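Engineer: with the sequence up front, the predicted model follows.
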Amino acid sequence: MTFRALLAAIAGIAISVVIVVKVMGMKGPPVADNPNMVMTQPVLKSPVPLKSGPQPEVLVSEFEWQFGSMALGETRSHDFIFTNRGKGPLTIKMGETTCQCTYGDLKAGEQRVIPPGSSETIKLTWKPTGATDYFSKGAEILTDDPKQPSINLRVTGKVAEQVTVFPGIEWECPEIFESKSVVCRGGLLSTILDSFNVTSVEARGKPLKFEVLPMTPEQLDDSRKSKSGYEIRVTIPPDMDMGAFRFPVHIKTDVPSITEAEGDSGKFVEFDVTVMGVRKGPITFAGPHWLDEKMAVSLGQFELAKGREVSVPMFIRNPPAEGFKLTKPPEVTPSDLKVEIIPDDRGQGKALRCVLKVSYPASGPRVDHQSLNPGRIHLSTNHPGAPEIDLIVYLSSR
């Protein structure tokens, strides 16, 4: 190889390296740093054709807009401004979106031409259909800017109910004894609203005492950094019927229901919760078929053809002089359930011993009363400390 040929080969390699470096170093439109974002790049089925002559140059006001906290059912929009700072007219058209909930006012197939020095606004709108701690939704805009033929616009944020109930729709009370009231606590929170009011709290079927207290800044910060909220205290009196209890409670607020407000119905956000717990008394139940924390008898699962019977020992403190007895037939759910109380001579000290016998006949219909739909036993007795007893029953036939 001659010296001149060698110089030509070296020069060719250098030019190739420069071209590769320049191509690799070209920057497209910015993309989000958040790894959770879905920055899709769909196949361009009908790209805006490029043209010769003076070229357009697109400038976008921003590629991403943060909506922050949105209420479920709320609709929000943001205007992205497209400016043509090139020398030729800029053509834009809608590409694809990442979700049917996201759409722009530039319709599919529609093109807009932006003269040099002028601007157009693209509105991106989203109405969430479910609560989420983070969302990232977007739309693609196609252009004939040779440097940016495809631009992804994106809106982000989180979605929550306007008001939520805590700790859930069931408020469990501390154990109640014979002579002392207890306080059950729950409440309402909002990560969306700076303020709202609880307009009423009512118990259905039992007069209970309620106290509604605004939550302190410290309580709100501990509760998922909520903006506003109330603690609701429910006082349970000691004269409750012995056994398990469940009281429906209805809570009303002054927060307009978003879905209803859009229909101008004037309805507000309301909640139904259940205050639940057990009251212990002068009668103690025991045995393998007794669930003390629930004040419940468990018949478990059984073959319907064989039926099922269980016995639960009862220890009755300070029984009446005439002995312990029922004053009415037991009230039961399901109706085929049979309940008996049988005296047992093996008393312990001042406690009278009896046996609670609960059975379901083989001739009865198929049943399924488990935790979400338990059976019930209501006993009326002659004991002054336990005139009414409410028990839960779990049973399921197969």
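Structural biologist: That came through fine. Numbers count the residues shown, from 1 in each chain.

Engineer: which residue ranges of this protein form helices?
Structural biologist: Secondary structure of the chain (DSSP state H): helices at 3-25, 217-222, 258-262.

Engineer: list the buried residues for stretch 191-207?
Structural biologist: Thr191, Ile192, Leu193, Phe196, Val198, Val201 (16 or more other C-beta atoms under 10 Å). In this view, the C-beta of every residue, glycine as well, is placed from N, C-alpha and C.

Engineer: what's that stretch in contact with?
Structural biologist: The contact list for stretch 191-207 (C-beta atoms under 8 Å, 6 or more residues apart in numbering) reads 69-71, 160-163, 188, 190, 210, 212, 224-228, 230, 232, 234, 247-255, 268, 275.

Engineer: quick one: mean pLDDT over it.
Structural biologist: In this model, stretch 191-207 carries a mean pLDDT of 89.

Engineer: and stretch 77-90, by the same measure?
Structural biologist: According to the model, stretch 77-90 has a mean pLDDT of 94.

Engineer: do stretch 236-256 as well
Structural biologist: 88.

Engineer: and the pLDDT for Met314?
Structural biologist: Looking at Met314, the pLDDT reads 93.

Engineer: next step: the buried residues of stretch 191-207 restricted to strands.
Structural biologist: Val198, Val201 (DSSP state E).

Engineer: wait, which of the buried residues of stretch 191-207 is closest to Cys184?
Structural biologist: Cys184 has its nearest neighbour among the buried residues of stretch 191-207 in Val201, at 12.2 Å by C-beta to C-beta.

Engineer: follow-up on the earlier one: give me the buried subset of the contacts of stretch 191-207.
Structural biologist: For those, buried by 16+ other C-beta under 10 Å: 70-71, 160-163, 188, 190, 210, 212, 226, 228, 230, 232, 234, 247, 249, 251, 253, 255, 275.

Engineer: quick one, strands of the stretch 151-300 of the chain?
Structural biologist: 164-166, 170-172, 182-190, 198-203, 209-214, 228-236, 242-256, 268-279, 283-285, 290-291, 296-302 (DSSP state E, counting those that start in this stretch).

Engineer: can you list contacts of the second one?
Structural biologist: Translated: strand 170-172. By C-beta under 8 Å, 6+ apart, the residues outside strand 170-172 that reach it are Cys184, Arg185, Gly186, Val234, Val249, Val273, Thr274, Val275, Met276, Gly277.

Engineer: at 10 Å instead, please
Structural biologist: Contact with strand 170-172 is made by 165, 184-187, 232, 234, 246-247, 249, 273-278, 293, as judged by C-beta atoms under 10 Å, 6 or more residues apart in numbering.
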